[in-house]
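1. Have a look at this prediction, sequence included:
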Amino acid sequence: MKRPVAVRLCAALATGAVAAATGVALSMPTASAATTGATGYATQNGGTTGGAGGQTVRATTGTAIHTALCNRASASTPITIQVEGTINHGNTSKVSGSSCNTADGVIELKQISNVTIVGVGNGAVFDQLGIHIREASNIIIQNVTVKNVKKSGSPTSNGGDAIGMESNVRNVWVDHVTLEASGGESEGYDGLFDMKNNTQYVTLSYSILRNSGRGGLIGSSESDTSNGYVTFHHNLYQNIDSRTPLLRGGISHIYNNHYVQLNESGINSRAGARAKVDNNYFKDSKDILGTFYTDAAGYWQVSGNIFDNVTWSSRSGDNNPAGPNPTSNTSVSIPYSYSLDGAGCVPGVVSQTAGANKGLRVSDGNCTPQTPTPTPTDPTPTDPAPTDPPTGTNLSIGAGSDGSSKADGTSYGNVRDGSMSTYWSPSGSTGSISVKWGSATRVSSVNIREAAGATGAIGSWRVVNHDTGAVLKTGSGAGVIAFTSTTLSKITFEITSSNGTPRVAEFETYA
C-alpha cells in the first residue's frame with residue numbers, strides 16, 4: 001500500500017572533508033581500526049571481527065576502496081580500509097579481480113568476507129553513494145557518513161538505501177555512522193538501513209538516522225521472514241516518517257535508542273516478528289510502536305521506555321498501535337550480555353556518542369559517555385614523559401603546516417613558530433594538524449606541547465605518514481611520541497577524541 005510521505009526537513013549538514021587524492025595507500029598490518037568489539041547480535045554466530053589481523057589500507061576514493069578489495073589474496077583475506085574524504089559517483093568505478101565483485105556507482109561488498117571500512121582523519125562522507133552488502137559475512141562499517149542516496153532521479157545508487165544488506169548476509173556490525181536523506185520516496189529516497197533475503201546477526205549501534213521517509217526494514221515483504229537476530233542500541237532516529245525499523249519476522253532487540261519526531265509510525269512489528277523494546281526514549285512522535293499497514297500481526301516485549309509527548313491513533317483495520325499504554329504480548333530471550341542505561345539519560349548519552357566523528361565514544365552502561373580503551377591488539381604507546389623532550393633540531397621551525405580546521409583566532413602556523421603563547425585549536429573537539437616540507441625529511445619522533453590552561457585536553461590520537469596513509473603510532477595525551485624513523489614530506493597528528501578543547505602550542509618534529 002503506497003502512502004504519501006510528509007517529511008519535515010531539518011537543516012542540511014556540512015558535507016565534511018573533500019577527498020584529497022585518487023588511489024590507495026598501504027601500511028604494515030595493524031589491529032582492526034574498530035577500537036571496541038562488536039555488541040549485540042553481531043557477537044553471536046562466531047562473532048564479528050571484520051578485517052582484524054589483516055593489512056590496513058588507506059583509501060580516498062570509491063575506486064580505491066574497490067581496488068583494496070580486489071588486491072587481496074582471496075575474497076576472505078582480512079583487510080581494514082581506512083577511508084578519508086568524499087566518496088561519490090565521480091570517483092567510484094568498478095574494479096575487477098578474483099577476490100572481488102564490484103560495480104560502478106556503489107560501494108559493493110559482494111561475495112566477500114572479513115572486511116572493515118572505517119572513517120579516519122578529517123572524516124569519510126559517502127555522498128549520494130550507497131553501501132551494498134550482498135552474499136557477504138563478517139563486515140564492520142564504522143565512523144562514516146552516508147547521505148542522500150537515491151533510487152530515482154539523478155544520480156541513483158544502491159536502490160536508494162544508504163546501507164543495504166541482502167542475500168545470505170551474516171555478521172555485520174555498523175557502528176558510529178550517520179545515515180541521512182533529504183526527504184521521502186516522492187523525493188527519490190528509500191531506506192536508510194535495510195536488511196533482506198536471509199540477513200542475520202546484525203548490530204546497528206551509536207548511529208544517527210535522520211531526515212528520511214523510511215528509517216529501515218528487516219524483510220522486503222510479508223513472505224521475506226528469513227531475516228533476524230538484529231540489535232539496535234544507542235541510536236538517534238530523528239525526523240523519520242516510518243520504519244524505525246519495520247520488522248517482518250525474526251527477532252530484534254531495541255534498547256537505549258532516542259526517537260525524536262517520528263511523523264507517522266515508529267517500530268512496526270508485523271508478520272510474526274518479535275521485538276524486545278527496552279529503555280528507549282520517545283519524544284514528539286506518533287504511534288511509536290505497533291503493527292501498521294497490514295493485518296499480519298507482530299509482537300513485542302516492552303519495559304522501561306519513556307514516552308514524552310507521544311500521540312496515538314485509534315485502532316482500526318490494518319492500523320494497530322500498541323499504545324497509549326503499551327504492554328508486552330510476547331517474551332524474548334536475549335543470548336548475549338548487555339548493560340541498560342536508564343531511559344531518562346538516553347537523550348544525553350546518545351547526543352554525546354551517536355554518529356560519525358564522535359571519537360567512537362560509548363556509554364559505560366551507567367549513563368556516562370566514555371572514550372573506548374584500545375584493544376590489546378592495538379599498538380601500545382611507549383612515549384617518554386613530556387618532560388623528557390628529544391634532542392636535536394626542531395625540524396618544524398621553517399616548515400609549512402595545514403590542518404582539518406581551525407578555531408577562530410588560531411592558526412596552523414602557530415604550532416611551528418617556537419612560541420608557547422600561540423596555538424592551534426580545531427573548530428570542534430577533534431581534528432588534525434600537519435607539518436610539511438618541500439622535500440623528503442626523516443622524522444623519528446614528535447613532541448606535542450599543549451598551550452597553558454589546556455593540559456590534558458587531548459585524548460586519543462594517531463600520528464600518520466600523510467604521504468602514504470600509514471599509521472606511525474597511536475596513543476593518548478600530549479608529549480613526546482617516538483616511532484620507527486620514517487622519510488616523508490608531511491606528517492599529521494590526528495586528535496580522535498578529547499577531554500575538552502584541544503590547544504596545540506607546538507608540534508615539534510625531530511630526526
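-> Looks like it arrived, so ask away. Numbering: from 1, shown residues only.
2. who touches residue 347 in this structure?
-> Neighbouring residues of residue 347 by CB atoms under 8 Å, 6 or more residues apart in numbering: 258, 281, 283. All C-beta spots, glycine's among them, are computed from the backbone N, C-alpha and C.
3. ok, now which ones touch the last one?
-> Put plainly, it is residue 283. For residue 283, the residues meeting the contact criterion (CB under 8 Å, 6+ apart) are 258-261, 308-310, 347.
4. circling back to that earlier point, closest one to residue 397 out of the contacts of residue 347, please.
-> Residue 397 has its nearest neighbour among the contacts of residue 347 in residue 258, at 48.2 Å by CB to CB.
5. And that closest one, how close does it get to residue 284?
-> In this structure, residue 258 and residue 284 are 11 Å apart, going by CB to CB, to the nearest Å.
6. Can you flag which of the contacts of residue 347 belong to strands?
-> Using DSSP state E, the members of those that fall within strands are 258, 281, 283.
7. Sketch out the low-pLDDT regions of the stretch 401-511 of the chain for me.
-> Across the stretch 401-511 of the chain, not a single residue meets the criterion (pLDDT under 70).
8. could you pull out the strands for it?
-> When assigned using DSSP state E, counting those that start in this stretch, the strands of the stretch 401-511 of the chain occupy the ranges 431-450, 460-465, 471-476, 479-495, 504-510.
9. If you count neighbours, what's buried in the longest one?
-> By neighbour count on 16 or more other CB atoms under 10 Å, the buried set for strand 431-450 is 431-437, 441, 443, 445-450.
10. Tell me the strands beside that strand, with direction?
-> Within its sheet, strand 431-450 is paired with strand 400-403 (antiparallel), strand 479-495 (antiparallel), strand 504-510 (antiparallel), according to DSSP bridges.
11. Tabulate the strands of the stretch 401-511 of the chain in JSON lines, adding columns for distance to residue 422.
-> Listed next are those as JSON lines, based on distance: least, CB to CB, whole Å:
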{"stretch": "strand 431-450", "distance to residue 422": "12"}
{"stretch": "strand 460-465", "distance to residue 422": "21"}
{"stretch": "strand 471-476", "distance to residue 422": "24"}
{"stretch": "strand 479-495", "distance to residue 422": "17"}
{"stretch": "strand 504-510", "distance to residue 422": "7"}
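12. Nearest to residue 325 among those strands would be which one?
-> strand 460-465 (44.6 Å).
13. helices or strands next to that closest one in the packing?
-> Secondary-structure packing of strand 460-465 (3 or more CB pairs under 8 Å, 6 or more residues apart in numbering; DSSP states H and E): strand 471-476, strand 479-495.
14. Can you give me the buried ones in stretch 499-509?
-> Buried residues in stretch 499-509, counted by 16+ other CB under 10 Å: 502-509.
15. Apologies, that question was intended for stretch 313-321.
-> Buried-residue list, stretch 313-321, by 16+ other CB under 10 Å: 320-321.
16. do stretch 174-194 as well
-> Residues 174-185, 187-194 are the ones in stretch 174-194 that count as buried (16+ other CB under 10 Å).
17. Report the backbone C-alpha coordinates of that stretch in PDB.
-> Backbone C-alpha positions of stretch 174-194 (Å, rounded to 0.1, in the frame of the first residue of the first chain) are rendered in PDB as follows:
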ATOM      1  CA  VAL A 174      27.500  -0.900  11.800                       C
ATOM      2  CA  ASP A 175      28.700   1.500  14.400                       C
ATOM      3  CA  HIS A 176      29.100   5.200  14.900                       C
ATOM      4  CA  VAL A 177      27.700   6.100  11.400                       C
ATOM      5  CA  THR A 178      25.500   8.900  10.300                       C
ATOM      6  CA  LEU A 179      22.800   8.000   7.700                       C
ATOM      7  CA  GLU A 180      20.600  10.700   6.300                       C
ATOM      8  CA  ALA A 181      18.400  11.700   3.400                       C
ATOM      9  CA  SER A 182      16.600  14.900   2.400                       C
ATOM     10  CA  GLY A 183      13.100  13.600   2.000                       C
ATOM     11  CA  GLY A 184      10.900  10.600   1.300                       C
ATOM     12  CA  GLU A 185      10.000   8.300  -1.500                       C
ATOM     13  CA  SER A 186       8.500  11.100  -3.600                       C
ATOM     14  CA  GLU A 187      11.800  12.900  -3.500                       C
ATOM     15  CA  GLY A 188      13.600   9.800  -4.700                       C
ATOM     16  CA  TYR A 189      14.900   8.300  -1.400                       C
ATOM     17  CA  ASP A 190      14.200   4.800   0.100                       C
ATOM     18  CA  GLY A 191      15.500   3.300   3.400                       C
ATOM     19  CA  LEU A 192      18.500   4.300   5.400                       C
ATOM     20  CA  PHE A 193      19.300   0.800   6.800                       C
ATOM     21  CA  ASP A 194      17.600  -2.200   5.100                       C
END
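18. ok so, going back, now, among the buried residues of strand 431-450, which is nearest to residue 76?
-> residue 432 (33.1 Å).
19. Helix, strand, or coil at the most far-flung residue of the chain relative to its centre?
-> In the chain, the greatest distance from the average C-alpha position (CA atoms, centre = their mean) is reached by residue 392, at 40.9 Å. On the three-state scheme (DSSP: H, G, I helix; E, B strand; the rest coil), residue 392 is labelled coil.
20. I'd assumed residue 508 was in contact with it.
-> No: shown here, residue 392 and residue 508 do not form a contact pair, counting by CB atoms under 8 Å, at 10.1 Å.
21. And this structure, what are its domain boundaries?
-> Listed by automatic domain parsing, the domain ranges of the chain are 24-370, 400-510.
22. follow-up on the earlier one: figure out which of the strands paired with strand 431-450 is closest to residue 218.
-> Using CB to CB and comparing the strands paired with strand 431-450, the one that lies nearest residue 218 is strand 479-495, at 35.9 Å.
23. Now do the buried residues in the closest one.
-> Within strand 479-495, the residues that count as buried by 16+ other CB under 10 Å are 479-483, 486, 488, 490-495.
24. Make JSON lines out of those residues and add distance to residue 359.
-> Formatted as JSON lines, those follow (distance: CB to CB, whole Å):
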{"residue": "479", "distance to residue 359": "19"}
{"residue": "480", "distance to residue 359": "23"}
{"residue": "481", "distance to residue 359": "19"}
{"residue": "482", "distance to residue 359": "24"}
{"residue": "483", "distance to residue 359": "22"}
{"residue": "486", "distance to residue 359": "26"}
{"residue": "488", "distance to residue 359": "26"}
{"residue": "490", "distance to residue 359": "23"}
{"residue": "491", "distance to residue 359": "21"}
{"residue": "492", "distance to residue 359": "17"}
{"residue": "493", "distance to residue 359": "15"}
{"residue": "494", "distance to residue 359": "11"}
{"residue": "495", "distance to residue 359": "9"}
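25. okay, the domains of the chain, which one's buried deepest?
-> Counting by mean count of other CB atoms under 10 Å, domain 24-370 has the highest mean neighbour count of the domains of the chain, with a mean of 22.
26. one step back: sitting in strands, which of the buried residues of stretch 174-194 do you find?
-> Here DSSP E is the test, and those give 174-175, 178-183, 191-194 as lying in strands.
27. between those, which is closest to residue 425?
-> Using CB to CB, residue 178 is the member of those that sits closest to residue 425, with 23.7 Å.
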